[in-house]
Each structure stands twice: as structure tokens, then as C-alpha cells.
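Engineer: Fold the following and give me the result.
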Amino acid sequence: MYRYRIIVRNDIDEMIFRRERDKMVEHTSENNQVLVAGRVDSQPTFAHEIYGEGFYNFTLAVPRLSGYVDLLPVTVSERLIDIGQLSVNTEVVIKGQFRSYNKYLDGKNRLILTVFAKDIAWKEEDEEIKNPNQIYLDGYICKPPVYRTTPLNREIADVLLAVNRPYNKSDYIPIIMWGRNARFTQNLAVGQRIKIWGRIQSRPYQKKLPNGEVHDRVAYEVSVSKLQVVNE
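Structural biologist: Just a heads-up that it's a prediction; the model follows:
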């Protein structure tokens, strides 16, 4: 009888653990939300495999109202969609998260960013998406903000935001503030929790290597349209 009670107690503890874990995962999923819609710009290529699940990378072309097109990196599981049907110029709608990881390149670690797809669907011909590039992040400032002005006297603040992920992981997302948000952000301390809304943008630039070679590269960052400070 005593042994039976222990078994039941362990089962209850396991149920409680799973419920609390699922609540934690749900919460940390809500603090990093992305919706992007656009055209597949590159053929998916195999990236890696985890527990028998294959993941593929491709580039998504997402238009702005200005006519400029952001070319965003996307990572998708083979279990979400038939990879063979993700051909160039196919239009899709993706919901997921903006994630980061470190990769050793050119003799040092580089921060790699990607839209991690949690849901992907074909865009219907008559489907209208007013804002095809949306992101919401809830995280913590992990480096002192860098405030600057452009030659045209436009105010900008660069911030690195740490966004928690389940199982003690974090994504480190570069974000950029403009105008009064930039002016306000420059005085925020490391560790300050903030919520931001905006879009993911790509920015081509050239990197000069020590040997004199010049490489074309692309930087990714979140352009912020709305900012909320969270006082805990």
C-alpha cells in the first residue's frame, strides 16, 4: 500500500512538472513573435539535423511600403512543409521567432540570426496582408545602448536585446531605435526589461578583411516602431 502511494505521488509530481514546464515554454514563446510574408528568394538548403528532424535554410524576400525588399534568412523543419515544394518565387506566410546562435567564421565567433518558422503556409492569391513584416520582443538590454546621429542629423540608438528562450537559453537580437525612442533609450541601464514592436530589416554592407579583401555581407536587425519600458 505504501509503495502504491509513492508511485501515485511520483506520477502527480511528474504531472505538475510537465504542466509548469509547458507553462514556462508557452510564456517564453510569447515573448518572441514574428510574422513575415513574402516570396521565396533562394532554394532551401540542408542546415542540420536534430533527433532525426531535418532543418533547411532559405531566404525570404519581404517587401516594404517604400519598395525596398528585405532579404531575410529563414530556418524551417522538414516536418512543417514539403521542402521540395518551396521553390523560388513561391509566396508563403511564416509565423515563428527571431533566433540567434554563434558560428565560428573568419577566425572569430559571429552572431547568426534567423527567422525560425513554427508555422508556414502558402499565401493565397487573394490573401491581403497589410503588414507583411511584424515582430514583437520582450527582453532585457544586455549592453549599454549606443546613441548616435547620422550626417542628416537623424537620431539612432543601437541596442542588444536578450530574449529568454525555454531551457535556460537566450536569443541576442540587435535592435535599432529612432528619434525620440533613441533619445530615451540612451539613458536605459543594462538589465532593463523592455517590450518592442517593429520589423526585421536587412542591411547590406562591405567588410574589409586584414588581408585587404572586401567581402559583401548582410546585417540583420529589428527596426523599432513602438517601445514600452517594463518596471519589475
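Engineer: For stretch 221-232, buried residues please.
Structural biologist: Glu221, Val222, Ser223, Val224, Leu227 (16 or more other C-beta atoms under 10 Å). (Each C-beta comes from the backbone N, C-alpha and C, glycine too.)
Engineer: same thing with stretch 147-165?
Structural biologist: Buried, per 16+ other C-beta under 10 Å, within stretch 147-165: Tyr147, Glu155, Ile156, Ala157, Asp158, Val159, Leu160, Leu161, Ala162, Val163, Asn164, Arg165.
Engineer: where's the dip in pLDDT among those residues?
Structural biologist: Ranked by pLDDT, these bottom out at Arg165, which has 92.
Engineer: Beta-bridge partners for it, please?
Structural biologist: In this entry, Arg165 is beta-bridged to Lys169, by DSSP bridges.
Engineer: now it: how far from Gln228?
Structural biologist: As judged by C-beta to C-beta, to the nearest Å, Arg165 and Gln228 stand 21 Å apart.
Engineer: same deal with Ala182?
Structural biologist: Ala182 is 15 Å from Gln228, by C-beta to C-beta.
Engineer: now the strands for the chain?
Structural biologist: For the chain, the strands defined by DSSP state E cover 32-40, 45-50, 53-63, 69-77, 91-105, 108-122, 133-141, 146-149, 155-165, 169-178, 193-208, 214-230.
Engineer: So for Arg3, what pLDDT did the model give?
Structural biologist: 36.
Engineer: Which of the buried residues of stretch 221-232 sits closest to Asn187?
Structural biologist: The nearest member of the buried residues of stretch 221-232 to Asn187, counting by C-beta to C-beta, is Leu227 at 12.7 Å.
Engineer: Ranking helices and strands of the chain by mean pLDDT, which lands last?
Structural biologist: The weakest-scoring helix or strand in the chain, judged by mean pLDDT, DSSP states H and E, is helix 2-30 (a mean of 45).
Engineer: what's the closest non-adjacent residue to Val93?
Structural biologist: Ala37 (4.5 Å; C-beta to C-beta, 6 or more residues apart in numbering).
Engineer: Could you say which one of the strands of the chain comes nearest to Gln85?
Structural biologist: Of all the strands of the chain, strand 108-122 sits nearest to Gln85, with 8.4 Å by C-beta to C-beta.
Engineer: Tell me the buried residues in that closest one?
Structural biologist: By neighbour count on 16+ other C-beta under 10 Å, the buried set for strand 108-122 is Leu113, Thr114, Val115, Phe116, Ala117, Ile120.
Engineer: And the second one, how far from Ala47?
Structural biologist: Right, the one you point to is Thr114. Using C-beta to C-beta, Thr114 is found at 9 Å from Ala47.
Engineer: Now for the two: what residues contact both?
Structural biologist: By the contact definition C-beta atoms under 8 Å, 6 or more residues apart in numbering, Thr114 and Ala47 are jointly contacted by Asn57, Thr75.
Engineer: okay, now Phe58: neighbour count?
Structural biologist: Neighbours of Phe58 under the rule other C-beta atoms under 10 Å: 22.
Engineer: If I look at the closest residue to it other than its chain neighbours, what pLDDT would I see?
Structural biologist: Distances taken as C-beta to C-beta, 6+ apart place Pro44 nearest to Phe58, at 4.2 Å, with adjacent residues excluded. Pro44 is assigned 97 on the pLDDT scale.
Engineer: Pro44 contacts Ile81, correct?
Structural biologist: No - assessed by C-beta atoms under 8 Å, Pro44 is found out of contact with Ile81, at 9.5 Å.
Engineer: Which one's more surrounded, the two?
Structural biologist: Pro44 (22 against 19).
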